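# Okay, predicted coordinates and the sequence, questions at the end:
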Amino acid sequence: MQCSLSAFPAPPSRGLVTICEVNSQLISAAASDISDLHMYTGEALDYPHIVVTRASVSAGTSTESARSAFLQQTEMPWRTVALAWRTVGAVGVVEELAKVPGLLRHPAKALLAVMRWIGSLHCSFFPHLALSNGDMIAEFSSTLDWRNGLVRGFAWHPHACKFAVACLDDSVRVHTVPAGIVPVLKHRMQRGVADLAWRPMSASSLAVACQSCVLVWHVDPTSLSTRPSANCAQVLQYNGHGPVTSVGWHPQGSLLVSSSAADTAMIVWDLAQQSGVPLKRTGGGGVSFLSWAPDGMKLLAATPSSLLRVWDTCSWMCEKWSKLPGRCQAACWSPTGRVLLFATADEPTIYYLTFQTPSPASTLGGATTAIAAVDLSEVIVDDDGDNLLVGGTVHDMAWDASGERLAVIFRRPRSQFVALFRVRTEPVVEASACGFVRGEAGDVPIAIRFQPAFHKGALLTVCWSSGKITFVPLFFVSAKAIAERGSAFSPRFAVPNAALKQSIPVYSRHVNGDF
């Protein structure tokens with residue numbers, strides 16, 4: 001019997017919000033009592049109260065390409081061609097040449113017709129390639145309702161107590177704990193922000209995935225400026241690499257990698273030279289998102305098709321798993337990098353893959369099949385006398401740094417809860433129900449993250465559809481801490497004996513050379 005939502009306790013009553021976990025139970029209280037957290041836990045946490053409002057962000061949210069500024073500049077055709085090459089690629093160049101009077105116009109039109117015909121065939125295999133840049137970002141963003149949500153992205157710093165928030169107007173705000181000066185990062189190239197990633201081992205570097213580039217901001221943490229200059233940002237562009245839908249740093253901060261759902265190549269960036277090296281494999285239709293394992297030895301590359309790859313970052317060879325029941329929608333690594341949890345867009349199940357000692361048949365030691373870990377099929381819960389449908393396919397999930405708490409949000413429209421699980425990976429991967437996290441009335445969770453540097457258990461950050469950002473501390477003693485004191489596992493950790501005894505092979509693994 002797998003762990004399922006039917007084993008969850010009833011959600012908090014309407015009018016109550018989840019404020020913390022104590023003694024393996026989620027505590028709820030009136031929204032006005034959130035500031036009195038110490039009354040329930042004895043702990044005083046000084047996290048800022050953040051609400052992103054429509055009044056605080058500018059109305060200019062257009063995702064038009066920069067090339068639109070040159071459409072009427074017929075007296076400077078070669079400037080438009082040069083801009084098209086930088087922002088769109090070869091197709092954009094041919095489109096512009098087809099508009100320019102002269103000898104090249106008719107050959108360019110013929111070539112454009114052929115390219116569009118080939119493109120239509122390609123789109124028949126990968127329909128997402130027919131989407132506009134904005135629609136593609138919205139489809140693959142880890143933030144629910146990316147196009148209309150007040151919050152478009154969130155990222156904790158891996159070491160320092162600060163975080164970045166991307167807003168509806170594509171500005172990025174940097175908050176510290178305790179609250180201080182809030183720098184607002186804006187740049188003319190910062191459009192269609194899809195992802196954020198702080199550089200490990202650095203207090204000031206933040207990568208921002210944008211529609212046509214990657215911006216790397218270098219913000220002095222001691223600066224008193226609230227509007228850092230655009231000169232503080234490096235612009236990283238690669239022909240045909242856009243819109244950028246994911247960015248990620250090596251855990252030691254030595255490499256930056258970006259991906260696009262429209263580009264089958266990931267780009268490994270050399271920041272000193274502002275140049276990139278493509279890491280490409282055919283098939284999949286692009287790389288929708290990427291994720292580094294905490295040990296830095298593996299890099300997950302999910303595609304818009306039923307295929308995912310895991311790269312060995314020593315040899316830069318990869319293994320792939322195919323025949324998924326849909327594209328990989330969300331994934332996260334265990335703290336050791338030996339377990340990968342993932343969910344697909346078409347099935348309400350969380351699977352896991354294990355990675356053991358490498359062998360001649362597998363450079364990464366990856367398992368040949370995935371095993372079903374959690375059943376997220378929809379269930380009906382009692383919500384103060386009303387029947388409420390909860391569950392379904394996953395939109396995003398987050399695993400805390402101790403490896404003992406897993407948070408999940410669902411793709412179902414207007415789903416009001418975050419499902420929270422207890423997890424362990426030794427001696428086998430197991431999960432059990434912890435409870436539902438609820439916000440204020442009508443609020444829908446659109447993004448979730450765990451603070452990496454929280455040492456009293458785990459700290460869940462939830463971004464809500466109203467623009468509120470809440471911090472839910474989960475107080476527990478990790479299994480690792482208890483093991484160091486002579487006990488194998490935390491006594492507060494409970495897993496049903498029958499949980500996860502059934503494994504489900506869902507696809508086969510193919511190694512290098514098969515593609």
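Nice, thanks for sending it over. Numbering: from 1, shown residues only.
# how would you label the nearest residue to residue 208 once chain neighbours are set aside: helix, strand or coil?
Counting by C-beta to C-beta, 6 or more residues apart in numbering, residue 215 is the residue found nearest to residue 208 once chain neighbours are left out, at 4.4 Å. For glycine as for every other residue, the C-beta is placed from the backbone atoms N, C-alpha and C. When classified by DSSP: H, G, I helix; E, B strand; the rest coil, residue 215 comes out as strand.
# how many other residues sit next to residue 215?
Neighbour count for residue 215, taken as other C-beta atoms under 10 Å: 23.
# Run through the residues that contact it.
187, 189-190, 207-208, 233-236 (C-beta atoms under 8 Å, 6 or more residues apart in numbering).
# so which of the residues you listed would you say is closest to residue 425?
residue 207 (28.8 Å; C-beta to C-beta).
# what helix or strand does the closest one sit in?
strand 205-209 (DSSP states H and E).
# Adjacent strands (with direction) for that strand?
Its sheet considered, strand 205-209 pairs with strand 195-198 (antiparallel), strand 214-218 (antiparallel) by DSSP bridges.
# now these as TSV including mean pLDDT and distance to residue 56?
Formatted as TSV, those follow (pLDDT from 0 to 100; distance: least, C-beta to C-beta, whole Å):
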stretch	mean pLDDT	distance to residue 56
strand 195-198	98	18
strand 214-218	96	20
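# Identify whichever of those strands lies nearest to residue 324.
Using C-beta to C-beta, the strands paired with strand 205-209 put strand 195-198 closest to residue 324, at 22.1 Å.
# for residue 227, phi and psi?
When read as degrees, to the nearest 10, the backbone of residue 227 gives phi -130, psi 80.
# Figure out the helix or strand that residue 432 lives in.
Residue 432 is part of strand 430-438, with elements assigned from DSSP H and E.
# partners of that strand in the sheet?
strand 417-424 (antiparallel).
# For the strand it pairs with, the averaged confidence score.
Confidence over strand 417-424 (mean pLDDT, whole number) is 96.
# The stretch 251-400 of the chain: strands as residue ranges?
256-260, 263-270, 275-280, 289-292, 298-302, 307-312, 317-322, 328-333, 339-344, 349-354, 371-375, 379-383, 386-390, 394-399 (DSSP state E, counting those that start in this stretch).
# out of those, deepest packed?
strand 256-260 (a mean of 26; mean count of other C-beta atoms under 10 Å).
# partners of that one in the sheet?
Paired with strand 256-260 in the same sheet, following DSSP bridges, are strand 244-249 (antiparallel), strand 263-270 (antiparallel).
# Now render the ones you listed as CSV, adding mean pLDDT and distance to residue 427.
As requested, the strands paired with strand 256-260 are exported to CSV (pLDDT from 0 to 100; distance: least, C-beta to C-beta, whole Å):
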stretch, mean pLDDT, distance to residue 427
strand 244-249, 97, 30
strand 263-270, 92, 34
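# closest one to residue 318 among those?
strand 263-270 (10.4 Å).
# Between strand 275-280 and that closest one, find me the angle.
Interaxial angle of strand 263-270 relative to strand 275-280 (axes from the mean of the first three to the mean of the last three C-alpha atoms, to 10 degrees): 140 degrees.
# quick check: mean pLDDT across stretch 138-158?
Stretch 138-158 comes out at a mean pLDDT of 96.
# Now do the buried residues in it.
By neighbour count on 16 or more other C-beta atoms under 10 Å, the buried set for stretch 138-158 is 138-147, 149-158.
# Touching the following helix or strand past the strand holding residue 432 from outside, list them.
Counting by DSSP H and E, the element after strand 430-438 in chain order, helix or strand, is strand 445-450. By C-beta under 8 Å, 6+ apart, the surrounding residues in contact with strand 445-450 are 142-145, 149, 151, 153-156, 163, 396-401, 405, 407-409, 415-418, 437, 439, 458-465.
# Could you tell me which of the buried residues of stretch 138-158 belong to helices?
Secondary structure defined by DSSP state H assigns 138-140 of the buried residues of stretch 138-158 to helices.
# The closest residue to residue 14 other than its chain neighbours: neighbour count?
Nearest residue to residue 14, sequence neighbours excluded (C-beta to C-beta, 6+ apart): residue 384, at 5.2 Å. Residues lying near residue 384 (other C-beta under 10 Å) number 11.
# now the contacts of residue 215: which count as buried?
The neighbour count (16+ other C-beta under 10 Å) marks 187, 189-190, 207-208, 233-236 as buried among these.
# re earlier: I'd like the strands paired with strand 205-209 written out as JSON lines, with distance to residue 22 added.
Shown next, in JSON lines, are the strands paired with strand 205-209 (distance: least, C-beta to C-beta, whole Å):
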{"stretch": "strand 195-198", "distance to residue 22": "30"}
{"stretch": "strand 214-218", "distance to residue 22": "38"}
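# And those: which comes nearest residue 309?
Of all the strands paired with strand 205-209, it is strand 195-198 that lies closest to residue 309, at 18.5 Å by C-beta to C-beta.
# what does the closest one contact?
Looking at what lies outside strand 195-198 - C-beta under 8 Å, 6+ apart - the contacts are 141-142, 153-158, 164, 166, 172, 205-209, 244-249, 256, 289.
# ok, now with 7 Å
Outside strand 195-198, the residues within contact range by C-beta atoms under 7 Å, 6 or more residues apart in numbering are 153, 155, 157-158, 164, 166, 172, 206-209, 245-249.
# Stretch 241-255 now?
Contacts for stretch 241-255 (C-beta under 7 Å, 6+ apart): 133, 136-137, 140, 192, 194-195, 197, 199-202, 207, 209-214, 256-263, 267-268, 288-292, 294, 296.
# If you count neighbours, what's buried in that stretch?
Buried, per 16+ other C-beta under 10 Å, within stretch 241-255: 241-251, 255.
# would CSV of the residues you listed with distance to residue 278 be doable?
Conversion of those to CSV gives the following (distance: C-beta to C-beta, whole Å):
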residue, distance to residue 278
241, 8
242, 13
243, 17
244, 13
245, 16
246, 15
247, 15
248, 16
249, 18
250, 17
251, 22
255, 14
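# Now flag whichever of these is closest to residue 105.
residue 242 (27.0 Å).
# Now do the closest one, the pLDDT please.
86.
# Using the three-state scheme, assign it.
coil.
# hmm, back to that, pLDDT on the strand holding residue 207, on average?
Mean predicted lDDT for strand 205-209 stands at 97.
# and residue 410, what does it touch?
Going by C-beta under 7 Å, 6+ apart, the list of residues near residue 410 reads 391-395.
# Across the sheet, point out what pairs with it.
With DSSP bridges as the criterion, residue 410 is bridged to residue 394.
# How much space separates it from residue 448?
Using C-beta to C-beta, to the nearest Å, residue 410 is found at 11 Å from residue 448.
# cool, and residue 228?
28 Å.
# Give me the more crowded residue out of those two.
Applying other C-beta under 10 Å to residue 228 and residue 448 shows that residue 448 carries more neighbours, namely 24 against 19.
# Test my guess that residue 444 contacts residue 465.
Yes - assessed by C-beta atoms under 7 Å, residue 444 is found in contact with residue 465 at 4.2 Å.
# about what we covered before: now the ones in helices among the buried residues of stretch 138-158 in JSON lines, with distance to residue 307?
Listed next are those as JSON lines, based on distance: C-beta to C-beta, whole Å:
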{"residue": "138", "distance to residue 307": "22"}
{"residue": "139", "distance to residue 307": "17"}
{"residue": "140", "distance to residue 307": "15"}
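# Please tell me I have it right and residue 407 contacts residue 423.
No - in this structure residue 407 lies outside contact range of residue 423 using C-beta under 7 Å: 10.4 Å.
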